[in-house]
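Engineer: requesting a structural model of the entry that follows:
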Amino acid sequence: MIMTWVTLTSEGNAIVSSYSSLPNQLISAPNGVDYAYRDSGGEGGAPLVLLQHFRGNLDSWDPALIDALASARRVVTFDNAGVGGSTGITPDNVAQMARDAIAFLAAMDLGQVDVLGFSIGSFVAQEIALRRPAVVRRLILASAAPQGAAGMHGWAPDVIGAIGTPQTSPEEYIGVFFAPSSSSRQAGKEAVQRMYARTQDRDKATNWATRQAQYDAVCTWGIPDHALLQRLSGLRLPVLVANGDSDPMILPHYSYLIAGLVPQARLKIYPDSAHGFLFQHHAEFAADVEAFLSEPR
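Structural biologist: Presented below is the predicted three-dimensional model:
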């Protein structure tokens, strides 16, 4: 049974609850995985499904961003296989992560969807759109890189030292996800506060085995192979590519590369921001996403 978290006014109008108050739900898929997810409910075109970053779970999304996105359409976040509150084992490759995500979409019976993939989620999003082109209407790739791109075979030592260890502090997270400027760091502190404002019914933390498997997938995705770049020419749908101008984890260079390889791509680089640009510039990014999703084909 699938439920959405919607409140009705006395006039019978639906109000979508804030992401911070949405319940964690589970749905069983034919692949044997029980997927944890949150669903904003509501209407407004194709549902927007979000794919999370390395180590991230349902609580790693900035509620301010999700609320802004959900003001115009239904938004669904979920933990892929083995991540957070979902059962199963986290694969060590992006192809299987995409198959697991497709199984979730089928179980939810969402029909055609828009997909927003962030970081490793952007890798999975590319693979979903290539494998099941009829399922994805429009694609948003945030802090993304194409498979086989030179220089993507693993992250820089300072990035690994900050987020690739069993325990990561808020300060280390902010150091990678936000730019060095005082304004960006302040935005990072505010985003972290919003993420941790929820104290009840939080998602299960991502375990070390999942983090290792995800990093194996990242490294495999980044093995240099120029021929694999040509796969992106198969994306025959509108694609929005976005990143922060100071991302140390997935350099903005890769956003330009994707935009040059995808026939219907458009690109936006956000100033004074890094890997977490979509949290720092949450209102602007949500407005850009909505404009992109709403425009005629």
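
Engineer: just the helices in the protein please.
Structural biologist: For the chain, applying DSSP state H gives helices covering 63-70, 94-108, 120-131, 157-163, 170-177, 182-195, 208-221, 252-261, 277-280, 282-294.

Engineer: any regions of the chain where pLDDT drops low?
Structural biologist: Residue ranges of the chain with pLDDT under 70: 1-17, 44, 164.

Engineer: can you rerun that using 80?
Structural biologist: 1-17, 43-44, 155-158, 160-168, 297 (pLDDT under 80).

Engineer: ranking the helices of the chain by burial, who's on top?
Structural biologist: The highest mean neighbour count among these, using mean count of other C-beta atoms under 10 Å, belongs to helix 277-280: a mean of 28. C-betas here are computed from N, CA, C, even on glycine.

Engineer: for that one, packing partners?
Structural biologist: Counting contacts by 3 or more C-beta pairs under 8 Å, 6 or more residues apart in numbering; DSSP states H and E, helix 277-280 packs against helix 63-70, helix 182-195, strand 239-244.

Engineer: just want the angle from the longest one to strand 239-244.
Structural biologist: Interaxial angle, helix 182-195 versus strand 239-244 (axes from the mean of the first three to the mean of the last three C-alpha atoms, to 10 degrees): 110 degrees.

Engineer: and the angle for helix 182-195 with helix 63-70?
Structural biologist: Between the axes of helix 182-195 and helix 63-70, defined by the same axes, to 10 degrees, the angle is 80 degrees.

Engineer: how far out from the middle of the chain is helix 182-195?
Structural biologist: Put simply, helix 182-195 sits 19 Å off its chain's centre (C-alpha atoms, centre = their mean, to the nearest Å).

Engineer: show me what it is packed against.
Structural biologist: So helix 182-195, by 3+ C-beta pairs under 8 Å, 6+ apart, packs with helix 63-70, helix 170-177, helix 277-280.

Engineer: what angle separates it from helix 282-294?
Structural biologist: Per the same axes, to 10 degrees, the angle that helix 182-195 makes with helix 282-294 is 80 degrees.

Engineer: where along the stretch 1-150 of the chain do the strands fall?
Structural biologist: 6-8, 14-16, 25-28, 34-39, 48-51, 75-78, 113-118, 136-142 (DSSP state E, counting those that start in this stretch).

Engineer: stretch 236-250 spans what distance, first to last residue?
Structural biologist: End-to-end distance of stretch 236-250 (C-alpha to C-alpha, to the nearest Å): 24 Å.

Engineer: closest to residue 212 out of the helices and strands packed on helix 277-280?
Structural biologist: Closest approach to residue 212 among the helices and strands packed on helix 277-280 (C-beta to C-beta): helix 182-195, 23.2 Å.

Engineer: how about residues contacting the closest one?
Structural biologist: Contact with helix 182-195 is made by 20, 59-64, 170, 173-174, 177-179, 246, 272-274, 276, 279-280, 282, as judged by C-beta atoms under 8 Å, 6 or more residues apart in numbering.
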